[in-house]
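S.K.: the following comprises the amino acid sequence and a computationally predicted model.
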Amino acid sequence: MLDWTDRHCRSFHRLLTRRARLYTEMLTTGAVIHGKRDRLMGFDAFEQPVALQLGGSDPGDLARAARIVEEYGYSEINLNVGCPSDRVQNGAFGACLMLRPDLVADCVRAMKDAVALPVTVKCRIGVDDQEPEQALFDMAEHCVGAGVDALFVHARKAWLKGLSPKENRDIPPLDYPLVHRLKRAFPETPIAINGGLTTLDEMREQLTVLDGVMVGRAAYHDPCLLLSVDPDVFGAPAPYADCFAAVEAFLPYIERELTRGEKLSNITRHMLGLFAGLPGARSFRRRLALEAVRPGAGPEVLVGAVQEVALAMARMRDVEPDRSGPQAADNAVSTAISAACCAAPSTSPV
């Protein structure tokens, strides 16, 4: 999720689910140790619980980075043993480490000795010509022996030779039963599954066997999916009735960030998947893509984009929304969003 799950993305996603754990984009040990930490690692306390995902293969560097992560207040450190990108391969970490379970164990042990935070590992079921059952179980055995607190398994192989990172997310076949067998072999170790899960029904089915589900692109491309997580998975109320209300609640954050010099497009690029499947969704995306990048763009751009959906839904229902009242964002941002809410169905669009 490099360049995807930054602090703006996580802040919006936290509005949609208060119970799910959020994960950062992967940061290398070099970036954590030598980079501009506040820019790379800073987060709002509202995002908690949030875990930082680390990329690296040197136990000493990982231990040093882990101490910094702990000082910043994160809830978990997740070691990436699954990313197949060229950048990661050149650095000899990520999915390459599936070939070195002994080294992964040393890395886990070094971080566990350095910090009190939970240390978890996200891995694949194998790479290239590895036999998945042997590769995955060997990795799990080494990690459990080193004291890992949980395993997150992307239930696909990664082909480091011959497939691009994008192809590695789709082409290698999924093997959920293998991950289920892993759980039976390591019943005391929390094990979560990742890969190919796009609906709440699919996720609930996995939770009958496993301890957790990690969802990346499905939630990013359709953030409204997250509004169903708290009631459907945790038995808790949804934070908002629908995504219209969630957008309204996000406006103060946007205004605050803009006053700090942030560009609107850096925030709203994480919202392009909102209202997926609803009338007006394409106009919503087009308007954000074209207008949010303009110099000085403000919250009124988002308000107008949301109104595209509200108006399209009203036309579909043959209802004309109330157009009265000021629409300028500088004095009626909340009013405009409220009008959009009124034009939407009373139930969640998820």
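M.R.: Perfect, I can see it now.

S.K.: using the record's assignment, carve this protein into domains.
M.R.: Following automatic domain parsing, one finds the domains of the chain at 7-234, 243-343.

S.K.: how far does the last one sit from the chain's center?
M.R.: Counting by CA atoms, centre = their mean, to the nearest Å, domain 243-343 is centred 22 Å from the centre of its parent chain.

S.K.: can you start the count at 377 instead of 1 from here on
M.R.: Taking 377 as the first residue, the last one we looked at is domain 619-719.

S.K.: what mean pLDDT does that domain get?
M.R.: Mean pLDDT, domain 619-719: 81.

S.K.: residues in contact with the helix or strand harbouring T496?
M.R.: With secondary structure defined by DSSP states H and E, T496 is part of strand 495-499. Residues outside strand 495-499 that contact it (CB atoms under 8 Å, 6 or more residues apart in numbering): 427, 429, 442, 452-458, 473-474, 480, 484, 487-488, 512, 515, 519, 523-530, 570, 590. (C-beta placed from N, C-alpha, C; glycine too.)

S.K.: can we see that at 7 Å?
M.R.: 452-458, 474, 480, 484, 487-488, 515, 519, 524-530 (CB atoms under 7 Å, 6 or more residues apart in numbering).

S.K.: mean neighbour count added to the domains of the chain, as a markdown table?
M.R.: Formatted as a markdown table, the domains of the chain follow (neighbours: other CB atoms under 10 Å):
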| stretch | mean neighbour count |
| --- | --- |
| domain 383-610 | 19 |
| domain 619-719 | 18 |
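
S.K.: tell me where the protein has strands.
M.R.: 398-399, 403-404, 426-431, 452-457, 495-499, 526-530, 567-570, 588-590 (DSSP state E).

S.K.: out of those, flag the one nearest R661.
M.R.: Judged by CB to CB, the one of the strands of the chain that comes nearest to R661 is strand 398-399, at 23.5 Å.

S.K.: export the strands of the chain to JSON lines and tack on mean pLDDT and distance to K537?
M.R.: Below are the strands of the chain laid out as JSON lines (pLDDT from 0 to 100; distance: least, CB to CB, whole Å):
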{"stretch": "strand 398-399", "mean pLDDT": "97", "distance to K537": "28"}
{"stretch": "strand 403-404", "mean pLDDT": "95", "distance to K537": "22"}
{"stretch": "strand 426-431", "mean pLDDT": "97", "distance to K537": "20"}
{"stretch": "strand 452-457", "mean pLDDT": "97", "distance to K537": "18"}
{"stretch": "strand 495-499", "mean pLDDT": "98", "distance to K537": "18"}
{"stretch": "strand 526-530", "mean pLDDT": "98", "distance to K537": "18"}
{"stretch": "strand 567-570", "mean pLDDT": "98", "distance to K537": "22"}
{"stretch": "strand 588-590", "mean pLDDT": "97", "distance to K537": "26"}
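
S.K.: among these, which comes closest to P607?
M.R.: Using CB to CB, the nearest of the strands of the chain to P607 is strand 588-590, at 15.7 Å.
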